[in-house]
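Enquirer: task: produce atomic coordinates for the following.
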Amino acid sequence: MSERRYRVGVLGATGLVGRRIVSLVAGHPWFELCALGASERSAGRPYGEVAYGGLGAIPRDVGERIVRGCDAGGFDDCDVLFSALDAATAAPLESALAADSSPTPARAKALNGAAVVTYGEDVALAKLRAEEALELHRALGDAWGAAYAGFLLGQAASVEGEFGRGEELLSESLRGFRDLGDEHYILLATDGLAGIYDELGEFERARPLHEENLRRGRAQSNRRIVALSLDQLASYARDEGRFEDALSMLKESLRILSDLDDRLGIAENLSRVARTLAVAGSGLRAAELLGSSEALYDETGVAVLAWVAKMNHGTLATIRTQLDDAAATQALERGRALTLDEAVALALDS
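Expert: Residues are numbered from 1 along each chain as shown. Coordinates of the predicted model:
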């Protein structure tokens, strides 16, 4: 495993999402929390005074850190920026980048940060920033920066359905991270590349990558990658009619996601369990878990991903071949009324 620890800045660190990112980074063996950015009203104050919901499990030394304002030049000492900013707050970063086009390492890092900031709101703009970052990192001889910018571009291309371009970029990024021995990003790039092959229906190319990530994830105690890999391998088992194997993998993943308090991951996992049970003929339990998954998505306020929505639509159609409309509706409502702990327990008992 690479001994390098990457210096991370978090933009929008005081909000609910930002606080969650901070808690994950602060406890991660490959990251060093370098900077916390937030609005001007929070800047200059200790993080513990302004963080949403207090510190909770966040280490005390993090709570004592002074929050910075989210200006473009304030994070030059970071290798990577994670963002929980909305598009309006991110706009000054874009303006600052436009004002100074000097080909410096600081600009290259800022471009990567800008790509991450705008990714959720404007994928096209994120791609432009990452493309410029990639060219600049290459010109500067920064192999890690080039691999990271290529990784961002590959992910963006995949989101936009440009799977050929995404495969090219992620393959190049993966080679770069392997040359550097960066195990963390080897896992992430491998997962992204496998996802492209899944989208293309090239499962014979995707499956070995998921299996490789499962082995690497276990060896590195990267539980999140283990969970991601198990979820996808469970889908293969389900489609092959190996329902017990599929449920076993999904339950292992669900235990991990519950330990990590990853509510979006749990919601997705519950949808996968519901799909497996529905195909296996257990429509009643499937409907309850589908309802609990939908309620959990509503609670988080995050939109259901397109592929999850498509899977859920198919699950509901299968359920309705096994239950009449009244029974299906009642089961869905029972599931929606479950607490998170009750939903997890129901899935684990399936």
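Enquirer: the helices in the stretch 51-200 of the chain, which residues?
Expert: 60-63, 87-99, 105-119, 123-140, 143-159, 163-180, 183-199 (DSSP state H, counting those that start in this stretch).
Enquirer: what comes up buried for the fifth one?
Expert: When neighbours are counted by 16 or more other C-beta atoms under 10 Å, the buried residues of helix 143-159 are found to be 144-158. Every C-beta, even on glycine, is put in place using the N, C-alpha and C of the backbone.
Enquirer: just for the stretch 101-250 of the chain, where's the confidence low?
Expert: Across the stretch 101-250 of the chain, the ranges flagged by pLDDT under 70 are 101-102, 114, 116-121.
Enquirer: my guess is E252 meets L233, correct?
Expert: No: taking contacts as C-beta atoms under 8 Å, E252 lies outside contact range of L233: 10.4 Å.
Enquirer: mind checking which of those two has more residues around it?
Expert: L233 (21 against 15; other C-beta atoms under 10 Å).
Enquirer: how much space between that one and F82?
Expert: Taking C-beta to C-beta, to the nearest Å as the measure, L233 falls 28 Å from F82.
Enquirer: same deal with L128?
Expert: Between L128 and F82 the computed distance is 20 Å (C-beta to C-beta).
Enquirer: who has more neighbours, those two?
Expert: F82 (21 against 16).
Enquirer: pLDDT score for the more buried one?
Expert: F82 carries a pLDDT value of 78.
Enquirer: which one of the helices of the stretch 51-200 of the chain lies closest to L209?
Expert: Nearest to L209 among the helices of the stretch 51-200 of the chain is helix 183-199 (3.8 Å), distances taken as C-beta to C-beta.
Enquirer: and that closest one, what's buried?
Expert: In terms of neighbour count (16+ other C-beta under 10 Å), helix 183-199 has its buried residues at 183-198.
Enquirer: stretch 123-131 now?
Expert: Neighbour-count burial for stretch 123-131 flags 123, 125-131 (criterion: 16+ other C-beta under 10 Å).
Enquirer: which one of these is nearest to R218?
Expert: Distance ranking of the buried residues of stretch 123-131 against R218, using C-beta to C-beta, places A130 first at 31.0 Å.
Enquirer: which residues does that closest one contact?
Expert: Contact partners of A130, counting by C-beta atoms under 8 Å, 6 or more residues apart in numbering, are 111-112, 115, 149, 152-153, 156.
Enquirer: likewise for R224?
Expert: For R224, the contact set (C-beta under 8 Å, 6+ apart) comprises 217, 256, 260, 262, 265.
Enquirer: and what of L188?
Expert: Contact analysis of L188 by C-beta under 8 Å, 6+ apart lists 151, 225.
Enquirer: if we can go back for a sec, in TSV: the helices of the stretch 51-200 of the chain, plus distance to G69.
Expert: Formatted as TSV, those follow (distance: least, C-beta to C-beta, whole Å):
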stretch	distance to G69
helix 60-63	18
helix 87-99	9
helix 105-119	14
helix 123-140	21
helix 143-159	24
helix 163-180	32
helix 183-199	29
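Enquirer: looking at those, which is closest to G335?
Expert: helix 183-199 (27.1 Å).
Enquirer: tell me how far that closest one is from the chain's mean position?
Expert: Distance of helix 183-199 from its chain centroid, counting by C-alpha atoms, centre = their mean, to the nearest Å, is 12 Å.
Enquirer: now that helix - C-alpha only, CSV.
Expert: Taking Å, rounded to 0.1, in the frame of the first residue of the first chain, the C-alpha atoms of helix 183-199 are listed here in CSV:
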residue,chain,number,x,y,z
GLU,A,183,-4.0,1.4,-3.6
HIS,A,184,-6.9,3.7,-2.7
TYR,A,185,-7.4,5.1,-6.2
ILE,A,186,-6.6,1.7,-7.8
LEU,A,187,-9.8,0.5,-6.1
LEU,A,188,-11.8,3.5,-7.2
ALA,A,189,-10.7,3.5,-10.8
THR,A,190,-11.2,-0.3,-11.0
ASP,A,191,-14.8,0.1,-9.7
GLY,A,192,-15.5,2.9,-12.2
LEU,A,193,-14.1,0.8,-15.1
ALA,A,194,-16.1,-2.2,-14.0
GLY,A,195,-19.2,0.0,-13.9
ILE,A,196,-18.7,1.0,-17.5
TYR,A,197,-18.5,-2.6,-18.6
ASP,A,198,-21.7,-3.4,-16.6
GLU,A,199,-23.4,-0.6,-18.4
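Enquirer: got the angle between it and helix 143-159?
Expert: 20 degrees (axes from the mean of the first three to the mean of the last three C-alpha atoms, to 10 degrees).
Enquirer: quick check: closest non-adjacent residue to A13.
Expert: Residue nearest to A13 in three dimensions, not counting chain neighbours: L36, with 4.2 Å by C-beta to C-beta, 6 or more residues apart in numbering.
Enquirer: hang on, the one you found in a strand?
Expert: Yes: assessed with DSSP: H, G, I helix; E, B strand; the rest coil, L36 lies in a strand.
Enquirer: just list whatever residues bridge to it.
Expert: Legend: beta-bridge partners of L36 under DSSP bridges are V10.
Enquirer: count the residues that sit near it.
Expert: Based on other C-beta under 10 Å, the number of other residues close to L36 is 25.
Enquirer: so who does it touch?
Expert: Applying C-beta under 8 Å, 6+ apart, we find L36 in contact with 9-10, 13-14, 22, 47, 62, 65, 67-68.
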